[in-house]
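[1] sequence plus predicted model, see below.
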Amino acid sequence: MNSRTLFRRIRKSSFFLIGIITVLIIVTLAIISPMIVAHDAYIGDLELRLKEPEGFAGGWEGYILGCDPLGRDVLTRVLIGSRASMLIALTVVGITLVTGTILGLISGYYGGLVDMCLMRLCDILMATPGLLLAVCVVAVLGSNFVNLIIVLSITGWVRYARLVRGNVLAIRNSEYIQASRVLGAGNAHIILTQVLPNITTPLIIQASQQFGNVILIEAGMSFLGVGVPISTPSWGGMISAGREYIATAPWVVIAPGVALMITVLAFNFLGDGLRDVLDPKNKN
C-alpha cells in the first residue's frame, strides 16, 4: 500500500480519526498530569468532604469536579488514575504481543507436536474465565502492580498466538517461502524476513483493541479490590469507593466512569479504524 492510498483511507475513516485524536489526548494528559494538577491526589481535607462540583468558578485551582468522601479533588484523582491504567495496559499488551507472536510463529511454521501442544494449551486457557482466574490469582498472591500484570498476561497472549498461527499456516507454503528455502535461507531468516512482515497488520489491530480490554479488566478488578493497591488512584477504585454515595454525590462515580468509558471507546474506535485503514481487501 502506497502512502497516498494510506492517507486517503485515513481521511475517510471517521473511526480512526476520532480514535487516534482521543487516544493522543488521553495519553498526553496521563503523561503530563503530575505537572498540571492543582491538588494532591492522596491527601484530602475532611472539611471538603463530598464538596459539590463548582466547574471553573474557582479556576484551575478550584474543585472543578468536586471532592470525594475523603475530601480529595476528583479531577486530580481522575487524571492521576489514568497513569496506572495506561501503564498496566501498555505493559500487558507488550508482554502478550511478544509472547503470543513468538509462540504463534513457532506453532504455525513448524507444526507437528509443538503445534498440537501449544494449541491445546490455548484451548485450556480460552476455556478458563480470564477475569475469574485473575481475581483468584491476585487474591492469593496479593494486590500489586507486578502480580496484576502477570495475571492479565497469563491468558492475553492466547489470541495473538492463534491469530499468528492462522496467518502463518496460510502463507508458510507460498511460492516465495519455498523459493527462499531452495536458495538456502534458514528457518529463522525466513520467519523474520518473509513471514513476520506479512502478519503485522492483524497484530497491530489486535493490540489496539486489547488496550481497551485490559483497561476495562483492570478497572473491574480494582472495583473488586484486587486490582492496583488501594492507596494508588485508579478509576475502578474510585468507582468502588464512591458507589455508596451515588445517590447523594453522583459526581464521585460519574467522573471516573465517564473517563473509563471514553478511554475504552477511543481504543475500540482506533482498532476499528486501523482495520479499515490497513485491510488490504478494502478498496475504498
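    Ah, there it is. Residues are numbered from 1 along each chain as shown.
[2] where in this protein is pLDDT low?
    1-2, 279-284 (pLDDT under 70).
[3] can you get me a residue count around the nearest residue to residue 238 once chain neighbours are set aside?
    Ranked by CB to CB, 6 or more residues apart in numbering and with sequence neighbours excluded, the top spatial neighbour of residue 238 is residue 256, at 4.1 Å. Just so you know, the C-beta spots here come from the backbone N, C-alpha and C atoms, and that holds for glycine as well. When neighbours are defined as other CB atoms under 10 Å, residue 256 has 29 of them.
[4] over to residue 22?
    Using other CB under 10 Å, residue 22 has 17 other residues around it.
[5] thinking again about what came up before, residue contacts, the residue nearest to residue 238?
    For residue 256, the contacting residues are 74, 77-78, 81, 235-236, 238-239, 242, by CB atoms under 8 Å, 6 or more residues apart in numbering.
[6] out of the residues you listed, which two sit at the greatest distance?
    74 and 236 (14.7 Å; CB to CB).
[7] what's the offset of stretch 146-159 from the middle of its chain?
    How far stretch 146-159 lies from its chain's middle: 12 Å, per CA atoms, centre = their mean, to the nearest Å.
[8] ugh, wrong one, stretch 228-247
    Counting by CA atoms, centre = their mean, stretch 228-247 is centred 20 Å from the centre of its parent chain.
[9] that stretch spans what distance, first to last residue?
    26 Å (CA to CA, to the nearest Å).
[10] with stretch 105-119 instead?
    End-to-end distance of stretch 105-119 (CA to CA): 12 Å.
[11] quick check: buried residues in that stretch?
    By 16 or more other CB atoms under 10 Å, the buried positions in stretch 105-119 come out as 105-109, 115, 118-119.
[12] got it, and stretch 255-263?
    255-257, 259-260, 263.
[13] next, residue 55: phi, psi?
    phi 60, psi -140 (degrees, to the nearest 10).
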